[in-house]
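# structure, please.
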Amino acid sequence: MSKKALIFLSFVSAYFLSYFFRTANAVISKDLALDFQLDAAQLGLMTSIFFLTFAAAQLPFGAILDHFGARFSTPILMLSASLGCLLFAKAQSFWHLSLGRGLIGLGMAGILMGAYKAFEGWFENREFATTIGMMVGLGSMGGIISGGPLLWLSQHYGWRSVFAVGTVIVIIAALFIMLVAERKDRKQHRIQGIGLWQGFQRIFSEVSFWRIALLNCALVGSMLSYQSLWMAPYLGQALEFQDGTLGTLMSILGIGAVVGYFISGWLCDRFGMLSVITLSSFAFCLFQLVFALMPSQSPMLLMSLAIFGFGMLGVSAIQLLSLVRSYFPSELSGRAVTGVNLFGFLGIFSLQWFLGLFIRQFPSTTALNLYEAKAYRFSFLLTGLLCLAALAFFLPEWWRSRKA
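Numbers count the residues shown, from 1 in each chain. Presented below is the predicted three-dimensional model:
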């Protein structure tokens, strides 16, 4: 196998784990709530801490990437995820869960950004969006495994065993990257004439950066808030699907995401990045409004199609990272991409926790902290409108490209 293929596969395997762990809490949320007596706000906060630590690592890690590359930076950071898996598996309280979840998020924070940096020099610009789309598409299959398969594993072996095994698997994936991810363009290891924070100042002074970053914040925040936690309670409590069907639907959501990642890069390279991002973002907003209006006990086929479309369109925001990369020179690409990614994961943290606080304002129907259907419907309405507002702010970028 070629060096190029090995580098690609090393980051695919790591991103698979990142996606699995970020979305795992959705199907085990009922077990966590029962085992630790968590209400919606606590569940939302604990799950969202993954994304807070992930976001906090982005700016410093972007600077580290521009200096040292991804071969050692990414796997060293991944070791904290291994520790987090072990702590989560052994947790005895809400705070243990939160610390473990936070360490997992921190450890996974450098995988996608590391791939962007590691692929420079190995992949041509004309194939970059497609390559990233393929990598993320394959890696996002972790979201499929965190649906029905994880539900089965947790029922037969317990969620603690899953995270204990994850401790070892994360270490193996980190070693894989360290062994193979050699940079081809060694001359660019050091930043050429731009200081660490001067580079960030240059990036943050561009209006285009903010249009991209805020759209990423809304889209990624909405998509992963639901995929990693709130979609499963919505399906079970608002639409009244049973556990087995719920697990199947969560896997269908993961499959939709995989398809979206695969085709978004190809569509961007073929039809233009700005046009594809704009149209898919608008469609994603509409799908959220569909979920806000979806009646209880909806037909399985209808729900399967809707949740597949939601996943496929929701992940198109990944191409915003390729877009911002094209706006800045190579010596700033790590910081530009991590800057946009920062806002995406701040969006997940903020929305996931906020939605928990919002849902908790509605009456709980039982002692098990099950909430009224309208709590989840209003949640989709809020996030859908947020995404529409961010898209409106982004539209001048698309319009400028049409006039060029």
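
# count of neighbours near Ser251?
For Ser251, the count of nearby residues is 21 (other CB atoms under 10 Å). Where you see a C-beta, it was placed from the backbone N, CA and C, and this is true even at glycine.

# surely it is in contact with Pro149?
Yes. If you go by CB atoms under 8 Å, Ser251 and Pro149 touch, sitting 7.4 Å apart.

# helices of the stretch 51-200 of the chain, residue ranges please.
With DSSP state H, counting those that start in this stretch, the ranges of helices along the stretch 51-200 of the chain come out as 58-68, 73-89, 94-108, 111-119, 128-139, 142-145, 148-157, 159-180, 196-204.

# low-confidence ranges, the stretch 251-400 of the chain, go.
364-370 (pLDDT under 70).

# do a quick rundown of the helices in it.
273-293, 300-314, 319-327, 330-360, 373-403.

# so what does the last one touch, helix or strand wise?
If you count contacts as 3 or more CB pairs under 8 Å, 6 or more residues apart in numbering; DSSP states H and E, helix 373-403 packs onto helix 207-225, helix 273-293, helix 330-360.

# out of these, nearest to Ile111?
With CB to CB as the criterion, Ile111 lies closest to helix 330-360 of the helices and strands packed on helix 373-403, at 10.8 Å.

# what packs against the closest one?
For helix 330-360, the elements it packs on are helix 40-56, helix 58-68, helix 111-119, helix 196-204, helix 207-225, helix 319-327, helix 373-403, judged by 3+ CB pairs under 8 Å, 6+ apart.

# give me the phi and psi for Ala109.
Main-chain torsions, Ala109, degrees, to the nearest 10: phi -70, psi -20.

# so who does the spatially closest residue to it that is not a sequence neighbour touch?
Nearest residue to Ala109, sequence neighbours excluded (CB to CB, 6 or more residues apart in numbering): Ala57, at 3.7 Å. Applying CB atoms under 8 Å, 6 or more residues apart in numbering, we find Ala57 in contact with 77, 106, 109-110.

# try it again at 7 Å.
Contact analysis of Ala57 by CB atoms under 7 Å, 6 or more residues apart in numbering lists 106, 109-110.

# try Gln288
222, 380, 383-384, 387.

# tally of neighbours for the closest residue to it other than its chain neighbours?
Closest residue to Gln288 in three dimensions, ignoring its sequence neighbours and counting by CB to CB, 6+ apart: Gly384, at 3.4 Å. Other residues near Gly384 come to 21 when the count uses other CB under 10 Å.

# surely Gly384 touches Cys285?
Yes. Taking CB atoms under 7 Å as the definition, Gly384 is a contact partner of Cys285 at 5.2 Å.

# rewinding a little: to Ser296, which of the helices and strands packed on helix 330-360 lies closest?
helix 373-403 (6.2 Å).

# what number of residues are in the vicinity of the closest residue to Gln227 other than its chain neighbours?
Nearest residue to Gln227, sequence neighbours excluded (CB to CB, 6+ apart): Thr23, at 5.2 Å. Thr23 has 30 neighbouring residues, counting by other CB under 10 Å.

# tabulate the CA atom coordinates of stretch 173-184 in PDB.
What follows is stretch 173-184, C-alpha atoms only, in PDB (Å, rounded to 0.1, in the frame of the first residue of the first chain):
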ATOM      1  CA  ALA A 173      -5.200   4.600  16.300                       C
ATOM      2  CA  ALA A 174      -2.800   7.200  17.700                       C
ATOM      3  CA  LEU A 175       0.200   5.000  17.100                       C
ATOM      4  CA  PHE A 176      -1.000   4.300  13.500                       C
ATOM      5  CA  ILE A 177      -0.800   8.100  12.800                       C
ATOM      6  CA  MET A 178       2.500   8.500  14.400                       C
ATOM      7  CA  LEU A 179       4.000   5.700  12.400                       C
ATOM      8  CA  VAL A 180       2.800   6.700   8.900                       C
ATOM      9  CA  ALA A 181       1.800  10.400   8.800                       C
ATOM     10  CA  GLU A 182       5.100  11.900   7.400                       C
ATOM     11  CA  ARG A 183       4.800  15.300   5.800                       C
ATOM     12  CA  LYS A 184       5.800  15.600   2.100                       C
END
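
# re the thing from before, who are the neighbours in contact with the residue nearest to Gln227?
143, 146, 227-228.

# picking up where we left off before, and the helices of the stretch 51-200 of the chain: which comes nearest Leu246?
Leu246 lies closest, by CB to CB, to one member of the helices of the stretch 51-200 of the chain: helix 148-157, at 7.9 Å.

# the closest one: how far from the chain's middle?
Centroid displacement of helix 148-157 relative to its chain, using CA atoms, centre = their mean, to the nearest Å, is 22 Å.

# list the buried residues in that helix.
For helix 148-157, a neighbour-count test (16 or more other CB atoms under 10 Å) marks 148-151, 153-154 as buried.

# which of the residues you listed has the weakest pLDDT?
In terms of pLDDT, Gly148 ranks lowest among the buried residues of helix 148-157, with 86.

# look up the closest residue to that residue, ignoring the ones flanking it.
Gly247 (3.9 Å).

# next one: Ser13
Ala173 (5.0 Å).

# again, but for Phe291
Excluding the flanking residues, the one nearest Phe291 by CB to CB, 6+ apart is Phe380, at 4.3 Å.

# just Ser304 next, same as before
Leaving aside its sequence neighbours, Ser304 sits nearest to Ile252 (CB to CB, 6+ apart; 5.4 Å).

# for that neighbour, give its distance to Ala24.
17 Å (CB to CB, to the nearest Å).

# what's the answer for His96, then?
For His96, the distance to Ala24 equals 16 Å [CB to CB].

# give me the more crowded residue out of the two.
Ala24 (28 against 16).

# let me see the backbone angles for that one.
Here is the backbone geometry of Ala24 (degrees, to the nearest 10): phi -60, psi -30.
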